[in-house]
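Trainee: Sequence below, structure please.
(8 chains)
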8 protein chains.
Amino acid sequence: MYLREILKKFKNGEIGVHEAEKLLKLNAVKEIEELAVIDVSREKRVNKPEVIFAKPKKWRHLKKIILETIKVKKHLIVSGLGRDKAEEIMKEIHKPYLSSFFEEAEILVIKHGDFKVEKRGKVGVLAAGTADIKAAEEARVVAEEMGCETIKKYDVGLSSFFRLLSALKEMVKEGVHVIVAAAGMEGALPSVVASLVDVPVIGLPTSVGYGFRGKGEAALSTMLQSCSLGVAVVNIDNGVNAGVIAALIARK
Amino acid sequence: MYLREILKKFKNGEIGVHEAEKLLKLNAVKEIEELAVIDVSREKRVNKPEVIFAKPKKWRHLKKIILETIKVKKHLIVSGLGRDKAEEIMKEIHKPYLSSFFEEAEILVIKHGDFKVEKRGKVGVLAAGTADIKAAEEARVVAEEMGCETIKKYDVGLSSFFRLLSALKEMVKEGVHVIVAAAGMEGALPSVVASLVDVPVIGLPTSVGYGFRGKGEAALSTMLQSCSLGVAVVNIDNGVNAGVIAALIARK
Amino acid sequence: MYLREILKKFKNGEIGVHEAEKLLKLNAVKEIEELAVIDVSREKRVNKPEVIFAKPKKWRHLKKIILETIKVKKHLIVSGLGRDKAEEIMKEIHKPYLSSFFEEAEILVIKHGDFKVEKRGKVGVLAAGTADIKAAEEARVVAEEMGCETIKKYDVGLSSFFRLLSALKEMVKEGVHVIVAAAGMEGALPSVVASLVDVPVIGLPTSVGYGFRGKGEAALSTMLQSCSLGVAVVNIDNGVNAGVIAALIARK
Amino acid sequence: MYLREILKKFKNGEIGVHEAEKLLKLNAVKEIEELAVIDVSREKRVNKPEVIFAKPKKWRHLKKIILETIKVKKHLIVSGLGRDKAEEIMKEIHKPYLSSFFEEAEILVIKHGDFKVEKRGKVGVLAAGTADIKAAEEARVVAEEMGCETIKKYDVGLSSFFRLLSALKEMVKEGVHVIVAAAGMEGALPSVVASLVDVPVIGLPTSVGYGFRGKGEAALSTMLQSCSLGVAVVNIDNGVNAGVIAALIARK
Amino acid sequence: MYLREILKKFKNGEIGVHEAEKLLKLNAVKEIEELAVIDVSREKRVNKPEVIFAKPKKWRHLKKIILETIKVKKHLIVSGLGRDKAEEIMKEIHKPYLSSFFEEAEILVIKHGDFKVEKRGKVGVLAAGTADIKAAEEARVVAEEMGCETIKKYDVGLSSFFRLLSALKEMVKEGVHVIVAAAGMEGALPSVVASLVDVPVIGLPTSVGYGFRGKGEAALSTMLQSCSLGVAVVNIDNGVNAGVIAALIARK
Amino acid sequence: MYLREILKKFKNGEIGVHEAEKLLKLNAVKEIEELAVIDVSREKRVNKPEVIFAKPKKWRHLKKIILETIKVKKHLIVSGLGRDKAEEIMKEIHKPYLSSFFEEAEILVIKHGDFKVEKRGKVGVLAAGTADIKAAEEARVVAEEMGCETIKKYDVGLSSFFRLLSALKEMVKEGVHVIVAAAGMEGALPSVVASLVDVPVIGLPTSVGYGFRGKGEAALSTMLQSCSLGVAVVNIDNGVNAGVIAALIARK
Amino acid sequence: MYLREILKKFKNGEIGVHEAEKLLKLNAVKEIEELAVIDVSREKRVNKPEVIFAKPKKWRHLKKIILETIKVKKHLIVSGLGRDKAEEIMKEIHKPYLSSFFEEAEILVIKHGDFKVEKRGKVGVLAAGTADIKAAEEARVVAEEMGCETIKKYDVGLSSFFRLLSALKEMVKEGVHVIVAAAGMEGALPSVVASLVDVPVIGLPTSVGYGFRGKGEAALSTMLQSCSLGVAVVNIDNGVNAGVIAALIARK
Amino acid sequence: MYLREILKKFKNGEIGVHEAEKLLKLNAVKEIEELAVIDVSREKRVNKPEVIFAKPKKWRHLKKIILETIKVKKHLIVSGLGRDKAEEIMKEIHKPYLSSFFEEAEILVIKHGDFKVEKRGKVGVLAAGTADIKAAEEARVVAEEMGCETIKKYDVGLSSFFRLLSALKEMVKEGVHVIVAAAGMEGALPSVVASLVDVPVIGLPTSVGYGFRGKGEAALSTMLQSCSLGVAVVNIDNGVNAGVIAALIARK
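Mentor: As a prediction, this is how the structure comes out:
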C-alpha cells in the first residue's frame, strides 16, 4: 500500500522529510478517497447499488458500459431497458455472471454467482392505478435487489378506498418499515396512506395524467403539500431512487 | 311599449316604410335585450344574486356603489368586507332595507323588507381545515341567500378521514343535491368525497399552503386531475362562485 | 349475508362473544363498504358509469380489462379509443352484450341486453369551434349514456356570437338543466354563456390553440377567472368528467 | 452646423483630406443620429411623447429628473404618480409651464405654454370593470395628450353584454380608428370587441383578478389566444403604451 | 326583405299587431345581426378576410369546409397548408375561381374572378432571422390580400444591426403605416425598431429558440416588456393575425 | 364497549336480528375507526406528534385551540410561533403541564408532567447556510421531541466543502440513521451528502435565495433531480415534516 | 474610398456644399458601420467565429448558405449537424478549403487553406455525466477553433467527487484561464467547481434529466442560484456560446 | 506543522507504522484542505473577496458576523446594506481598519490598513436605465475592490441607442477586458452589446419591470436566448457575482 511505502522509504532514509511531505500531499486526493471509504463503510454496511439508466444512452455505448462495469462490480442494475435490448445483453453475460430481466419494471439485473446481498427489512409498495405499476415495480425490484422483502398492492387508489384500507392493514400486520406509494394524476395516495399509518411514506409521483399540470406535476405538488406528516417525495417516475431510499430506511 | 308604437305609427301612416324600418333597426339592440329577458327568464326563474366584490374597490367608491345599487335591487351581497367597514355601511341602511353581516364569510347582505327568495334545494359544505372555513362560509352564505338549505361540516380533511366519512353519511341521509368541498394545501378532499358519493362535487381550492405550488395552486391541480368522476372546480378562494353554482344545481 | 351469519352463530352459541367481536372487527372493512353502499345509494340512485380510459393502456392489457369488466358490469364506457381497436373489441362482444361505437367522441359503449338506464334531465352541449367537437361529443355521449337527453350546438364561438345567442335561446326554451361549454384557444365561451343564462355551466377547456398558454392552458385560466357567476371547470379535454357532472346535475 | 464646418475647413485647406476624413468618422455617431432624425421625422410627424414612469424612482431623483427634463422638452407625461407627490411637483412648475393632474389615470402632464400638439384621429377606450378604469384612463389621457379625440365607455364587460354592444355602435358611428379594450380577470373583452368591429383592437390586460393566473396573467393569455382576428396586446397594466400605440394608429 | 315584409303584411292587415310584434321579436336575432352589419360596415369598409387554419383539421373535413366556403365567399385564405395538400385542393378550384399558393407562407388563396380588394396603405415586414421568415411571410401575404402594399426586409436581427438601420430608413422613406417585426430567440427586434421609428410596430414572436423559455416564450416576454413605446404583440407564430392588424392599421 | 353490548342485547333477545344488524351497520364507521387503531397501533408504536401550525391562525383562535388540545393530549408541538406570543401562551400553562420555547426553531412544546416519549435512534441535521438554520432547527426539535438523539452541523454548504466532509465523518461515526439536509439557493447539499454517505437523506429546501427560481424553487428542483441515489424531499421550509420523517426512519 | 471621393469632388467643386452634405448623410449608415469596424477591431483582434446552427434549417437552404458563406469567410463552424449530412457537404468542399467533422460535438468545420487562427489561452472543459459530453464537446471544439488550448475531463459529476477534485487540480496546474462545466439533472457541478478554483466558471446546463424541471431547467436554476461566486451561465445545451465566451476570456 | 510531526514521531520510533498510518488517515481531511490551498493558489493569485449578504440576516447576527470576520480577514465586502445600518457598523470599526460606504451600491467595505489588492484589468459597466444602476454599481464596486479599473456608462438602453454606441466606442478604446451589462424589463442590452464588441459580456438582469415576466424574468430569458455569441448571465440582481466574474476575467 502506497501510504505505508512512503512511510517506509522515509523511515529508511530513502527519502527526506520534504520529499515525504510532498509525496503525502500529492497523493492526498487518493488517500482521502480511501479514507472516506474506510471510515464510512463498516463491515456490514449496505452499499447503494450500482445503477445504470439505459434510456438516454446510445446502444453501443450502453452495451460497452455494462460489460465493463461487471468486470469491477458483482451486482449491476440497468433500468429503463426494453425486453429486446435486455435479451441482446443477456446473451453476452456468461458464468459466473447471471442475468435476469424484470419486464414490468424494465430492469435488467446482472449478478456474479457468488454475490450475496445482506438481508434488510420489509418494504410495502403501492400503486394507485394500472399506469403507475411500472414506477412501483421499479422501486420494488430495486428494494428486493438491495436485500429487502417486499409486499406489493396495486390498483389501490382513492376510487377504491376500501381496497386501500385493507392493503394497508395487511402491510402493517406484516410489519413493513416503509411504504412506497406510486401515484399519478391527482397523486393523493401517499397523503391518505400517511394519514393512516405510522411508518415513513415515500411518495413516488408518476407521469400519468394529461391536461393541467399533467405528466406528474399535479401529483408532485399534492405530495409536497400533503397535510399528513410523514411523506417524503422523489422525482416524477424515479422508481429506482424510491427503491433505494426505501431499502436504506428498511434496515434490519 | 316601443315596438308597438312604431307599428301603430306605421299603420296610421304617420311614418313610412323606410322610417319604420330604420326605427326598428335603430332600436334592435334594446329589443333584443328585452327579448332575451323575456325568453330566458320565465316567471319562476332564479336570478343569480347581485354580488359586489369589495376588496379591490376604494372605500368611497364602494360605499357609493352599494348605496346606489340598493335603489334598483332588493337583494345585494357584498363579499370580501371586514367588520369595520360593514358596520359603517350598515349605519346607512334604513328601513325598509335590512342588513346583516356574516363574520366568518366576510359578507354583508342587504335586503329590502319585502324581498322573498324562492326556496331551493340542499347544499352540503365541507372544509378540510380551519383555514379553509372562510371560503366555505362564503359559499354557504351565498347558497343560503339564494334560497338553499345548507349543511356544513368543517375540519374534515384527510387527516381525520373517519370524521369525513361520518359527515358524508349525514349529508347523504339529508339528501343534499350538491356538495361544495373547500380545501387548500394538497386539496385532495373533493376527490375523496366524489369517490364516496353520487352527487356533483364543487371543488373549492383555497389559498392555504406555502412553498411549492402553495397559495392554492397544488389544490387546484389536484382537483382538476382528480381520478374520481364528478368533481368540477372554481377559482382559488372563489367561495361566492362555488355558492352560486351549488345553488343553481340544487334546484327543487 | 355475512353479518347475519355471525350474529346467528353467536346467538346459537357456536361462537363466543370474543370470537363474534373478532369476526365482526375483521370483517369491518367489508361491512363498512357495504354499509356505505346501502346508506348512500337509495333504490333509484344513478350510479356513476364505469369508465375505462383506453389511451395510456397497452393493447393486450386494455382488451383483457374490458372483457373482464363486462363479466361484472352491465354497462361499460371505454373512452379514448380509435375506430380500429374499437372494432376489434366489438368482434369479441357477443349477446346478450351489445356494443356501439361513437366515432366523433372516440367512445365505445358496451351494454348488457337487459341494462336499463334511469331517465335523467336535459343537458345542453356547446362547442366553440370544430376542433372542440371531440371533447364536447365525449361529454354528450357520456351524459346520454347516463340517461340524459342532450341538445348540441357546435361552432358557436365568439366569432359567431349571434349563432350562439340563438343556440342558447333554443336550449333555454327546451329547459336544459345544465350546459357543457367546450372551448379551446381563448376559452371565453363558458363566461359568455353564463352571462346570458341561469343554469349551471360546466366549462370544458380543450387543448386547441398554440403558442403562449396554448394546449388549453389559456382556456382553463379564462374559465377559472370568469367574471360571470355560475361556471365550474373540469380538466383540459376531460369531456368524460364534464358529461358525468352534467348528468349528476341534470336529475329529474 | 458641424458637418458643414468640416467641409468648409477642408475646402479652405484649413484641414487636409486625412484630417477631414478622421473628423467625419469621429463624429459619425452624432451624424447618423441627426440623419436618422432628419430622414425619419418629416415636418408633420408625431413624436412619441416623453414619458417618465414615476413609481420605481426615489422621490428626490424623480423630482430632479422632471425639473431637468422640462428644460429641454415642452411636453412631459409623468405616469404612476399619486396626487400628493403630483401636487408637490406642480408647486414647482411656473409659467410659461403649465401642469395638470389626471387623478383616475395617476398622470401628471406638464406643458410649455406654446406647446401645440398636432391633431390626430379618434380612439375608443373601453374598460370591462371598475377596477380596469385606471389602466384605461392611462391610455385615454396619453392618447389625448398625443392629439387624439377619445370616446370612453367603462363597465362594459361580458356580464353587461348589451351595454357593450351599444357602446361599440356609438364608437363605430363616431368613426374611431382604433379601440383600446382594458380588462382583467378572464380578459375576454378585446376578443368580443374584435368579433364585432373592423378597427384594430389593442388588448390591455389589467392586474385585476386573484387565484389561478390572477394579476392579469389569465387576461393576457386570453387576449393572445383570441380567435377573433385583429387584436394586438400590450403588457399587463401598461396603459401608457396602449395609449401611444392607439395614437400612432389613429393618424388623421 | 323580411322586416319590410312583416311591416307590409301588418299594414295590409294580413297580420295583427300581436302577430307583428311576435314575428319581429322572433326574428330579432337575425335582425340585430343584419343591423350590426349595416351600422358597422359603411360602404367602403374593409372586411377582415375569411381565414381557415388548416393544421388542426382532418383532411376530409378541411377539403369540404374549403369547397363549401367558396360557395358563399369570394375570397378565402387557408393558412398552415403544405404544398401537397394545397395542390390537391387547387385541382378542385375551377373558374371563375382562381387559386394561388404562397410556399414560404404556407398559404393558399382562393378568389372569385370578380373579387376586387379595396386598396389600403403600406406595411413593412421584418424578420430577424431566416427561421422567422415563415411567420413574417404569413403576415405579408395576408396584408397583401387585404389590399396593402408591403415592403419586406428579412435577416435584419440584432447581429446585423446596420442592415436593420438601412432597412428601416427605406421603410420610413416609403412611408409605411405600420411595421410587423417577426423574431424568435431573444425577440428584441420590435423594441429596437420602435426605438427608431414613429409608426406602430406589431411584434410577432416566433417559436424559434431552444432551452430556457425557448419556442417563442422569451421573445414574447421581451416584446411585452419592451422599454420602447409603440409595440403591440400577437401570439407566438400568429403571422395571420399580425397581417390582419397591420392591414387594419394601414388604412388609406 | 358498544359492539359487545349489541351482541349481548341480541343474545339476550332484547333486540332482534334486524335490529342488531342495523345497529352494527350504523356504528360501523366508529367500529372501523377503532379497528384500524387496534390493528395499526401495537403496544410500542410511535405516534406522530400533535403539531399545530400557528402562522395562518388568528391569535384568539390559536390560543383557544392550544388550550383545548392539551386537555386531550399530553404532548403538543406548536410551530411557526414568535417569542412574544409563545410567552403569552406559556403564562397560561400550569402544572402538571410544562412548556418550553425553542427560539431558533420558533417552536413551543407543551408536555404533561408524566409524558414520556419512547427512545428512538439518531438523526443528523445539516444546514447549508445561516439562513437555513430555522428550518433545520425545526426538524431537529421535532425529531428530539419524538425521542431521537440529534447531531447538528450548521454552515456546511458547498462553499465550505471540507467542513462538510468533516461533519459527515462525525455523523457516520456516531451512527446516525438518517440525515436531514436543509439548503436554500442552489440546494445542492443533500446531493453531495448522499454521494458520500449510505444513510437516507431528507432534503429540506428552504426559501432562501432571490431572483430566478428563488424562494426555494431552485433548491427543490435540485434535490428532486439529484444524481445521487438516496435523497427524498419535503416541501420548502417544511422542517416539521422533515423532523417527523427522520424520526420515523430512526427507529431503534 | 467613398468618403474621400465625396471630399475630393467637393474640394474640386464638382459638388456643392449641400450636395456634399446630403451625400455624406445618405451614406452615413455605411460610414458608421465601417467606422465601427475600424474603431472596434484593432489589428490583432479575435473575431468571434462564423457559426451556422444547422438544426432548424431545411437541407437545401443549409447547403446553399454554407457554400455561399465560405465564399466570403475563411473559417466556418456548422453546429448541430449529423454525420450523414456533414459528409454530403464535405464532398462539395474543395481545395483550398478543408473540412473536418467532430462527431461527438456534431460540428463541421470548414477552413480556407491559408486561414490561421491567432493563439489564445487555455480552457478547461468538464462534463458531469456521459450524457453531458455532447454539449461539452461543442464548447471544446469551438474554443479550439478560436485558438485555445483545451483540457477536457468528463464524467466528473458529484457522484464521483474525488475524480473531480483530481481533474481540477490538473487544470489548475495547467493554468487554465477559464473552466466550462457542463451538467444536466441537478446541475451542481459549476457551483462545486467555483467553490474550489479561482478562475471564472461558465455553467453549461444540459437538457439531461426528466420529471420535475427536467430538460435542463433544474440545472439552469441551480447554476443561477449558486452560492459560489464566479459562475456565469449560458442557455441550456448552448455549448457553442459557452465555447465562444471561454475563448474570449482565455486571451493570451 | 502536523504532517511533519507525524513523520518525525514515526522516524523517531515514537509511533509505529500502523499508528502513523492511522494518524495520517484521520487527519487527511485537514491535509487535503491545505493541499488544495497550496496547489491551487499560487503566489500571485487573486482571492475571490469575502462577501456577506446583509439583507436576510437579523441585525444582531449581522453585526456579530461582520466584527468577527474582520478578525481573520483584512478585506470584507458587505452587500445589501442601507446607510443607517452601515453607519452604525462603521462606528465600531477602528484603526487599523478602515471602512467606506458606497451608497448607490449599498455596499460597505472594510479593509485593514495594510491590505493591498493586486492590480487587475479593466471592466466596463453599463446600465440600461436609472433603475438598473444599483445592480450595476454593485458589480462596479466589487470589481474595483478586486483590483480592477472600471469605466461606467449608465442610462444607455435601447431607447438611447446612439448613446450606447458612443459608450461602447469609449470602452473599446480604453481596452476593457469584459463588459457587465445590467438591464431589466426586456433586457436586450447585453445582446446588443455583444453584437458590437469582441470582449466577453456578462448579462446582469435586474428586477425592473412589471406585469408579464416582470421582476427580471423577461430580461433573464432574453439574455439566455441571445442570438449574439459571447453573453453569459448571472442571477437577477446579483451584481456582486457579476463583479466577481468580471474581475476574474479581467486579469492583467
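
Trainee: show me the contacts for residue A:182.
Mentor: A:125-128, A:132-133, A:135-136, A:139, A:189, A:204-206, A:239, A:242 (CB atoms under 8 Å, 6 or more residues apart in numbering or on different chains). Glycine gets a C-beta too; all of them are placed from N, C-alpha and C.

Trainee: distance of residue A:67 from residue C:51?
Mentor: Residue A:67 sits 47 Å away from residue C:51, going by CB to CB, to the nearest Å.

Trainee: which of the two has more neighbours?
Mentor: Between residue A:67 and residue C:51, residue C:51 has the larger neighbour count (other CB atoms under 10 Å in any protein chain shown), namely 18 against 13.

Trainee: which strand residues sit across from the more buried one in the sheet?
Mentor: Beta-bridge pairing for residue C:51 (DSSP bridges): residue C:77.

Trainee: contacting residues around it?
Mentor: Taking CB under 8 Å, 6+ apart, one finds B:229, C:76-79, C:142, C:240, C:244 in contact with residue C:51.

Trainee: re earlier: looking at the contacts of residue A:182, spot the one nearest chain F.
Mentor: residue A:242 (7.9 Å; CB to the nearest CB).

Trainee: can you tell if the helix or strand where residue A:248 lies touches chain G?
Mentor: Element membership for residue A:248, per DSSP states H and E: helix A:239-249. No - using CB under 8 Å from any CB of the partner chain, helix A:239-249 never reaches chain G; the gap is at least 10.3 Å.

Trainee: Residues of the stretch 51-200 of chain A that sit close to chain C?
Mentor: So far as CB under 8 Å from any CB goes, the stretch 51-200 of chain A lies against chain C at A:130-131, A:162, A:165-166, A:169.

Trainee: If you rank the contacts of residue A:182 by neighbours, which is first?
Mentor: Busiest of the contacts of residue A:182 [other CB under 10 Å] is residue A:204, holding 39 neighbours.

Trainee: for the helix or strand harbouring that one, what is the average pLDDT?
Mentor: In this structure, residue A:204 sits in strand A:201-205 according to DSSP H and E. What strand A:201-205 shows for mean pLDDT is 98.

Trainee: wait, does that strand contact chain C?
Mentor: No - using CB under 8 Å from any CB, strand A:201-205 stays clear of chain C, with a minimum separation of 15.3 Å.

Trainee: Just the angle for that strand relative to helix F:239-249, thanks.
Mentor: Orientation note: strand A:201-205 sits at an angle of 120 degrees relative to helix F:239-249 (axes from the mean of the first three to the mean of the last three CA atoms, to 10 degrees).

Trainee: Of all the residues in chain A, which one is nearest chain D?
Mentor: Closest point on chain A to chain D, by CB to the nearest CB, is residue A:212, at 9.3 Å.

Trainee: That residue contacts residue A:218, doesn't it?
Mentor: Yes - using CB atoms under 8 Å, residue A:212 is in contact with residue A:218, at 7.3 Å.

Trainee: between these two, what contacts are shared?
Mentor: B:221, B:224-225.

Trainee: near chain B, which residues of the stretch 1-150 of chain A?
Mentor: Residues of the stretch 1-150 of chain A lying near chain B (CB under 8 Å from any CB): A:128-129.

Trainee: So which residues on the stretch 1-150 of chain A come close to chain E?
Mentor: Residues of the stretch 1-150 of chain A lying close to chain E by CB under 8 Å from any CB: none are found.

Trainee: And the helices in the stretch 1-150 of chain A?
Mentor: Taking DSSP state H, counting those that start in this stretch to define them, one finds helices in the stretch 1-150 of chain A at A:2-11, A:17-26, A:28-40, A:59-72, A:83-90, A:133-145.

Trainee: which residues of the stretch 151-252 of chain A score low on pLDDT?
Mentor: Residue ranges of the stretch 151-252 of chain A with pLDDT under 70: A:162.

Trainee: secondary structure element for the one residue in it that gets nearest to chain G?
Mentor: Chain G sits closest to residue A:236 of the stretch 151-252 of chain A, with a gap of 3.3 Å, by CB to the nearest CB. Take DSSP H and E as the rule and residue A:236 turns out to sit in neither a helix nor a strand.

Trainee: That one reaches residue G:213, doesn't it?
Mentor: No - under the criterion of CB under 8 Å, residue A:236 makes no contact with residue G:213, lying 9.9 Å away.

Trainee: hang on, the earlier thing: and the shared contacts of residue A:212 and residue A:218, which of them are in strands?
Mentor: Filtering the shared contacts of residue A:212 and residue A:218 for membership in strands, criterion DSSP state E, returns an empty set.

Trainee: Show me which of those is closest to residue A:114.
Mentor: residue B:225 (48.0 Å; CB to CB).

Trainee: Chain neighbours aside, what residue packs nearest to residue A:56?
Mentor: Nearest non-adjacent residue to residue A:56, counting by CB to CB, 6 or more residues apart in numbering or on different chains: residue G:131, 4.9 Å away.

Trainee: Residue G:208 is in contact with that neighbour, correct?
Mentor: Yes - assessed by CB under 8 Å, residue G:131 is found in contact with residue G:208 at 4.4 Å.

Trainee: number of nearby residues for the residue of the stretch 51-200 of chain A found nearest chain G?
Mentor: Residue nearest to chain G within the stretch 51-200 of chain A (CB to the nearest CB): residue A:56, separated by 4.9 Å. By the criterion of other CB under 10 Å, residue A:56 has 16 neighbours.

Trainee: Then residue A:83?
Mentor: Residues near residue A:83, counting by other CB under 10 Å, number 12.

Trainee: Show the pLDDT at it.
Mentor: For residue A:83, pLDDT reads 93.

Trainee: what's near enough to touch it?
Mentor: Applying CB under 8 Å, 6+ apart, the residues contacting residue A:83 are A:101, A:103.

Trainee: how close does whatever residue of chain A ends up closest to chain F sit to residue A:181?
Mentor: Per CB to the nearest CB, residue A:232 is where chain A lies closest to chain F, at 3.6 Å. To residue A:181, residue A:232 is 11 Å away according to CB to CB.

Trainee: Ok, residue A:57 next?
Mentor: 30 Å.

Trainee: and what of residue A:199?
Mentor: 11 Å.

Trainee: Give me the neighbour count for residue A:223.
Mentor: Neighbours of residue A:223 using other CB under 10 Å come to 32.

Trainee: For it, list the residues it contacts.
Mentor: Residue A:223 neighbours (CB under 8 Å, 6+ apart): A:187, A:190-191, A:203, A:205, A:231, A:233, B:186.

Trainee: Quick one: which of these is the most crowded by neighbours?
Mentor: residue A:187 (40 neighbours).

Trainee: Please name the nearest non-neighbouring residue to residue A:81.
Mentor: Nearest to residue A:81 is residue A:54, by CB to CB, 6+ apart, at 4.3 Å.

Trainee: Apologies, that question was intended for residue A:206.
Mentor: Leaving aside its chain neighbours, residue A:206 sits nearest to residue A:184 (4.0 Å; criterion: CB to CB, 6+ apart).

Trainee: and the gap between the nearest residue to residue A:247 once chain neighbours are set aside and residue G:160?
Mentor: Nearest non-adjacent residue to residue A:247, counting by CB to CB, 6+ apart: residue A:146, 3.7 Å away. From residue A:146 across to residue G:160, the span is 21 Å (CB to CB).
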